[in-house]
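>>> Give me coordinates for this.
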Amino acid sequence: MWKEVLSVTFYRAVFSEFLATSIYVFFGLGSALRWPSALPTILQISITFNLAAATVVQIAWNVSGAHVNPAVTMAFLFGSRISLARAACYMVAQLAGGIAGAATLYGVTPAEVQGSLAINMVRSNITSGQAVAVELILTFQLVLCYFASTDRHRNANSPATFIGLSVGLGHLIGEPMISDIDQQAS
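Predicted coordinates for the structure are as follows:
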């Protein structure tokens with residue numbers, strides 16, 4: 001374990017997770033901001049998250065595996081594809097990267113557009129249990145896509161396109177089902 005944690009490659013991978021998550025959050029949340037002249041649509045948000053995911057996977061794929069999401073990292077840990085030390089450091093880097101990406105977006109966005117910075121609000125006619133169930137299903141399909149598209153025995157190419165499509169699919173279904181865009185305006 002210590003040999004892994006003390007290597008330059010390890011820290012390069014952890015930084016890659018931080019940077020990829022920062023970029024992903026910046027562009028994804030940026031697409032959902034409510035600009036007075038161009039209110040976002042579900043399709044616009046889904047495509048942007050799709051493209052952002054594909055881009056950061058392409059950037060970080062060979063360095064860290066481009067998990068960009070603690071749920072994916074946790075699945076890789078449970079699937080014995082990464083060590084506990086790597087998973088813990090990835091998750092810390094991903095959380096810090098998400099905060100850095102959101103903070104950067106907040107810093108460069110005019111105050112009248114910032115609002116809640118595109119934080120999702122669960123629809124009033126959806127229970128917490130239903131929202132969690134939908135999130136679990138969407139996360140499950142994303143993790144399955146990661147496992148299938150990163151299997152070196154089946155695919156030697158970058159999984160960026162497939163993972164991006166998987167993220168876009170999740171947003172196309174998840175946004176209208178559980179997210180109340182109207183509540184975000186207040």
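>>> who touches residue 64 in this structure?
12, 13, 14, 16, 17, 20, 90 (CB atoms under 8 Å, 6 or more residues apart in numbering). Every C-beta, even on glycine, is put in place using the N, C-alpha and C of the backbone.
>>> Let's see that with 7 Å instead.
13, 16, 17 (CB atoms under 7 Å, 6 or more residues apart in numbering).
>>> What sits closest to the last one if chain neighbours are left out?
Using CB to CB, 6 or more residues apart in numbering and skipping the chain neighbours, the partner closest in space to residue 17 is residue 93 (4.3 Å).
>>> so where do the strands sit in the protein?
Ranges of strands within the chain: none, based on DSSP state E.
>>> how about the helices in this protein?
2-5, 8-32, 42-64, 70-78, 84-108, 111-114, 128-149, 160-178, 181-184 (DSSP state H).
>>> mind putting those in TSV, mean pLDDT included?
Shown next, in TSV, are the helices of the chain (pLDDT from 0 to 100):
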stretch	mean pLDDT
helix 2-5	74
helix 8-32	95
helix 42-64	94
helix 70-78	95
helix 84-108	97
helix 111-114	88
helix 128-149	93
helix 160-178	90
helix 181-184	50
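>>> mind putting the ones you listed in CSV, distance to residue 122 included?
Below are these laid out as CSV (distance: least, CB to CB, whole Å):
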stretch, distance to residue 122
helix 2-5, 39
helix 8-32, 15
helix 42-64, 16
helix 70-78, 18
helix 84-108, 19
helix 111-114, 21
helix 128-149, 5
helix 160-178, 6
helix 181-184, 9
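>>> Residue 51 is in contact with residue 168, correct?
No - Residue 168 lies out of contact with residue 51 (CB atoms under 7 Å); the separation is 8.2 Å.
>>> Compare the two (neighbour count), which wins?
Per other CB atoms under 10 Å, whichever of residue 168 and residue 51 has more neighbours is residue 168, with 21 against 16.
>>> Report the separation between the more buried one and residue 44.
11 Å (CB to CB, to the nearest Å).
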